[in-house]
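Q: Structure for the following, please:
(2 chains)
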Number of protein chains: 2
Amino acid sequence: MGKKLTKRTEDYSKWYNEIIVRADLAENSAVRGCMVIKPYGFAIWEKMQAELDRMFKETGHQNAYFPLFVPKSLFEAEEKNAEGFAKECAVVTHYRLQNDPDNSGKLRVDPEAKLEEELVVRPTSEAIIWNTYKGWIQSYRDLPLLINQWANVVRWEMRTRLFLRTAEFLWQEGHTAHGTKKEALAEAKQMQEVYADFAERFMAMPVIKGSKSESERFAGADETYTIEALMQDGKALQAGTSHFLGQNFAKAFDVKYTSKEGKQEYVWATSWGVSTRLIGGLIMTHSDDFGLVLPPRLAPIQVVIVPIYKGEEQLDAISEKVSGIVKALRAKGISVKFDNRDTFRPGAKFAEYELKGVPVRIAMGNRDLENNTVEVARRDTLEKQTVSQDEVVDFVEGLLEKIQDNLFNKAISYRDEHITKVDTFEEFKEVIENKGGFVSAHWDGTIETEDKIKELTKATIRCIPNDAKEEAGACVLTGKESSKRVLFAKAY
Amino acid sequence: MGKKLTKRTEDYSKWYNEIIVRADLAENSAVRGCMVIKPYGFAIWEKMQAELDRMFKETGHQNAYFPLFVPKSLFEAEEKNAEGFAKECAVVTHYRLQNDPDNSGKLRVDPEAKLEEELVVRPTSEAIIWNTYKGWIQSYRDLPLLINQWANVVRWEMRTRLFLRTAEFLWQEGHTAHGTKKEALAEAKQMQEVYADFAERFMAMPVIKGSKSESERFAGADETYTIEALMQDGKALQAGTSHFLGQNFAKAFDVKYTSKEGKQEYVWATSWGVSTRLIGGLIMTHSDDFGLVLPPRLAPIQVVIVPIYKGEEQLDAISEKVSGIVKALRAKGISVKFDNRDTFRPGAKFAEYELKGVPVRIAMGNRDLENNTVEVARRDTLEKQTVSQDEVVDFVEGLLEKIQDNLFNKAISYRDEHITKVDTFEEFKEVIENKGGFVSAHWDGTIETEDKIKELTKATIRCIPNDAKEEAGACVLTGKESSKRVLFAKAY
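A: Here you go, the predicted structure:
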């Protein structure tokens, strides 16, 4: 407590790490690149899960669970997918430890317990799932198959950052099978919409919906739809992706169905996922130099009440008034914490909840008792105001909505100010270098140009926006013909 | 469809496997010993999770998430725990695959990507968690620390069975830290009560609460509290355990706190868990020769409504009546499915829901339309009765309660009939061999006798019941002194 956070303008990356540690969200673990998600951070993830799970079920999906391990021979069946993930796979080779012969209390891997076939710890589950779907799909009556799983996955990343890129992370992965290309495409697009809706309505994080260029596509996909958000340092964050997998996995795992017409056809597939990375996006979208700022719809504690008192008697009088307010707020489905710990002073509590991003703080002191008032402070603007106790419940209910809206509007203003149209490569470099954000530019459609631009500026194509207009133009690097603008940015 | 299940009396184990497959609960996967939990099975697990999670939170616990991997050096820190699990550990030794030099499309483990220290896939998380707690606990103010995680764990079992014993399984593991022995003991016992309460009120599965003998204790625990259920084949199932870990992990990981008096003290610990094994217990407690029988409180679908019609017009008339019933049932929080698929006949649907254990089935045909009635069938007793449409909603609400109670009472009768007091080893063997169930017998308290009895009868001490009375007696095997009876059984 007490020590100020590093300012965003000073060192954005340091500020980010400090918030995570001081708001008690997560920390690095003893395992390289793996994090521990602490209770407060996990409570945010639980809120995200609950909403997403509801949205998935409303769109007809069911949850299931598939094995953590993928036998190497299955893993390599879809070549592009295998190639894309092979370099970051944790591999189980043995199934037993033994005591050292010297009885030192140290264990060692038992050389006699070597697996005949190595097991890959899933970096994503297409292989194991499509190998299973082979047994589940025979006829058009078995389609569509709409399944999701909540799981941990492992990708052995060399440079990791809490929430944004960790060796193990938590996510959900939807895996669907359809009778036609059209249906599978519609599913992949629908899930992009679900993700965008969740990001904007719950995270208050505006996103741009688009599709990935070929080189940024998921390994094994024919098309990757993405939602891209913009962080306060001008870097983009890929927040969720939904893939149209064509018949690639159906062919790799020989999954066919008998159509209504009695023909044998390969199945069409999608997969889609969001992960604990979203928490990184949430932090970087709203938080400020005083700490975390949480949108009310995802805040584990929406309202905290702090008593300001001298002696037991005052505390009792305040507690009595507070208990009515707590009850009334909870009846409206608002989560409230009454912090009556006597081991901390009000000032320390204020600092703690500011750091933890609790949207609304109510303070009640002796003067408030006399005047039938409370002091209400909002975390987003740091404004305070005195409110009658008779009105505070309705006031807070409205305020939570206002805060949710304000955070979204602020984020959308920032984002919109940081989409810059450029027509020359000089401008391009200038914007990427100094202003940051998305650069909307013409591109000739080749991987070579994309690579070259990345090499020169570190910016990549974040997406070809769904709503990009046809517009004759010239590639910002090569001057070659282009028919629409795409969005570039430096990205996490 | 159509083909009858193997009868329980014919081949209990085959019956069990057939139910799982035909009720669409789970199946074996391509990975040795790992299962795929199918949507219907997973929906039961979600219901279990929701209730347990609520109970954990009501008793003050918070969820968090710790890494999947445990570095070998941490894993071996608590010797007994390490020894207990070493023989069934999946071990990650490499972090990359590479294409074969011959470019065959096959991948191989990259020998240059060998980990400096091997990583154990968690068989249980005490080691990684206590290594983390070291950083979280300094003062008595940090205690108690009450944390739970929902996770997958891996134990390389040689003989696996769906739900009951799989190499990977899903569970929750609570890990708490306390300032005193008394508090930690109270926590361990409290969680045993929570598990028993869940088993009995939700699973309708009666359990005996007790503690384990030394040789059946969790590796690294000073005391293991267990809940033991009885399956219909007379074998016991350990359904959940709660461990008092003493200061074993605090000492292994050097976790001390400063007490109120300013002294440095080692922390006291508990851990407790239940897993997807509970689904195996649920199946074996209630199901019959016609299929799965689910207690209403855990049934993903509590009521199914099947229309019996000829032609569109009748279906429309039935659907209209049904929609009112569906709405009214849902308003009471009852989950209902109206199965109006025209690809299956009513008889096939009846068979399907019988197999899947849906507690209540409502059928409505043309005659019912005329008479303003429906036919209500309950899955537990297979009884049917005609009920007025005006009363069906209240009737079904009451019936679901009745079914829940009936299942519990039936199970408790069976269980109580299968606790047999014996005083000679002849009787002991006779009961274990022919009648099955729990045998209540005197035991001299030694591991040697326990081992000998196991060798001779395959029965193990399931628990020393919490409510065992002091009673002077002689060990059923050795005749040595004993002061209380313990429960033996063959077990899963």
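Q: alpha carbons only for contacts and neighbour counts from here, please
A: Will do.
Q: ok, and for the helix or strand A:Gly84 falls within, which residues are buried?
A: Taking DSSP states H and E as the definition, one finds A:Gly84 inside helix A:79-86. Within helix A:79-86, the residues that qualify as buried are A:79, A:81-83, A:85-86, counting by 16 or more other CA atoms under 10 Å in any protein chain shown.
Q: now, which of those residues lie close to chain B?
A: A:79, A:86 (CA under 8 Å from any CA of the partner chain).
Q: Which residue ranges make up each domain of chain A?
A: A:12-70+A:124-286, A:301-406, A:419-489 (automatic domain parsing).
Q: Please give the element, helix or strand, for the one residue sitting closest to the centre of chain A.
A: Nearest residue to the geometric centre of chain A (CA atoms, centre = their mean): A:Leu278, 1.6 Å. Element membership for A:Leu278, per DSSP H and E: helix A:277-286.
Q: Could I get the average pLDDT for that helix?
A: The average pLDDT for helix A:277-286 rounds to 98.
Q: ditto for stretch A:261-273
A: 98.
Q: Ok, stretch A:169-189 next?
A: pLDDT averaged over stretch A:169-189 gives 98.
Q: same thing with stretch A:312-332?
A: pLDDT averaged over stretch A:312-332 gives 97.
Q: what does stretch A:128-146 give?
A: 97.
Q: Now the terminal residues of that stretch, how far apart.
A: Its first and final residues considered, stretch A:128-146 spans 16 Å by CA to CA, to the nearest Å.
Q: that older thread, save the domains of chain A as a markdown table, and put in distance to chain B too.
A: Output for those, formatted as a markdown table (distance: least, CA to the nearest CA, whole Å):
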| stretch | distance to chain B |
| --- | --- |
| domain A:12-70+A:124-286 | 5 |
| domain A:301-406 | 9 |
| domain A:419-489 | 24 |
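Q: closest one to B:Glu375 among the ones you listed?
A: domain A:12-70+A:124-286 (28.8 Å; CA to CA).
Q: If we go by neighbour counts, what in the lengthiest helix in chain A is buried?
A: When chain A is parsed with DSSP state H, its longest helix is helix A:392-417. For helix A:392-417, the neighbour count (16+ other CA under 10 Å) marks A:392-393, A:396, A:399-400, A:403-408, A:410-412, A:414-415 as buried.
Q: For A:Ser104, the count of nearby residues, please.
A: 8 (other CA atoms under 10 Å in any protein chain shown).
Q: ok, now A:Lys310?
A: 10.
Q: phi, psi of it?
A: Main-chain torsions, A:Lys310, degrees, to the nearest 10: phi -120, psi 110.
Q: Return the residues in contact with it.
A: Contact analysis of A:Lys310 by CA atoms under 8 Å, 6 or more residues apart in numbering or on different chains lists nothing.
Q: A:Lys490 now?
A: Neighbours of A:Lys490 in contact, by CA under 8 Å, 6+ apart: A:234-236, A:432, A:436-437, A:458-460.
Q: Next, work out how far apart it and A:Ala239 are.
A: Counting by CA to CA, the gap from A:Lys490 to A:Ala239 is 14 Å.
Q: what does A:Ala82 give?
A: 23 Å.
Q: quick revisit: just the buried ones out of the contacts of A:Lys490, please.
A: Buried among those (16+ other CA under 10 Å): A:234-236, A:432, A:436-437, A:458-460.
Q: Mark which of the residues you listed are part of strands, please.
A: Taking DSSP state E as the definition of strands, the buried ones among the contacts of A:Lys490 contribute A:236, A:460.
Q: quick one: the helix or strand bottoming out on mean pLDDT in chain A to chain centroid distance?
A: In chain A, the helix or strand scored least confidently by mean pLDDT, DSSP states H and E is strand A:97-99, which has a mean of 89. Relative to the centre of its chain, strand A:97-99 is centred 40 Å away, using CA atoms, centre = their mean, to the nearest Å.
Q: what's in contact with that strand?
A: Residues contacting strand A:97-99 (CA under 8 Å, 6+ apart): A:105-110, B:86-89.
Q: For A:Arg462, give me phi and psi.
A: The phi/psi pair for A:Arg462 (degrees, to the nearest 10) is phi -80, psi -40.
Q: gap between it and A:Gly273?
A: For A:Arg462, the distance to A:Gly273 - CA to CA - is 17 Å.
Q: So which bits of the helix or strand A:Val120 falls within are buried?
A: Using DSSP H and E, A:Val120 sits in strand A:114-121. Neighbour-count burial for strand A:114-121 flags A:118-121 (criterion: 16+ other CA under 10 Å).
Q: Give me the residues contacting the helix or strand just after that strand.
A: Using DSSP H and E, the helix or strand that follows strand A:114-121 towards the C-terminus is helix A:126-136. With contacts defined as CA under 8 Å, 6+ apart, helix A:126-136 is touched by A:66-67, A:70, A:74-75, A:77-78, A:142, A:175, A:249-250, A:253-256, A:271, B:29-30.
Q: Turn the buried residues of strand A:114-121 into JSON lines, columns for distance to A:Gln149 and pLDDT.
A: As requested, these are arranged in JSON lines below (distance: CA to CA, whole Å; pLDDT from 0 to 100):
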{"residue": "A:Glu118", "distance to A:Gln149": "24", "pLDDT": "97"}
{"residue": "A:Leu119", "distance to A:Gln149": "20", "pLDDT": "98"}
{"residue": "A:Val120", "distance to A:Gln149": "18", "pLDDT": "98"}
{"residue": "A:Val121", "distance to A:Gln149": "16", "pLDDT": "98"}
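Q: Tabulate these (a markdown table), appending distance to A:Leu382.
A: Listed next are the buried residues of strand A:114-121 as a markdown table, based on distance: CA to CA, whole Å:
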| residue | distance to A:Leu382 |
| --- | --- |
| A:Glu118 | 55 |
| A:Leu119 | 52 |
| A:Val120 | 49 |
| A:Val121 | 46 |
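Q: returning to that earlier point: CA atoms only: put the helix holding A:Leu278 into PDB for me.
A: The C-alpha trace of helix A:277-286 is given here as PDB (Å, rounded to 0.1, in the frame of the first residue of the first chain):
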ATOM      1  CA  ARG A 277      -5.900 -13.000 -22.300                       C
ATOM      2  CA  LEU A 278      -9.200 -11.000 -22.200                       C
ATOM      3  CA  ILE A 279      -8.300 -10.000 -18.600                       C
ATOM      4  CA  GLY A 280      -5.200  -8.400 -20.000                       C
ATOM      5  CA  GLY A 281      -7.300  -6.500 -22.500                       C
ATOM      6  CA  LEU A 282      -9.700  -5.500 -19.800                       C
ATOM      7  CA  ILE A 283      -6.900  -4.100 -17.600                       C
ATOM      8  CA  MET A 284      -5.300  -2.200 -20.500                       C
ATOM      9  CA  THR A 285      -8.500  -0.700 -21.800                       C
ATOM     10  CA  HIS A 286      -9.800   1.000 -18.700                       C
END
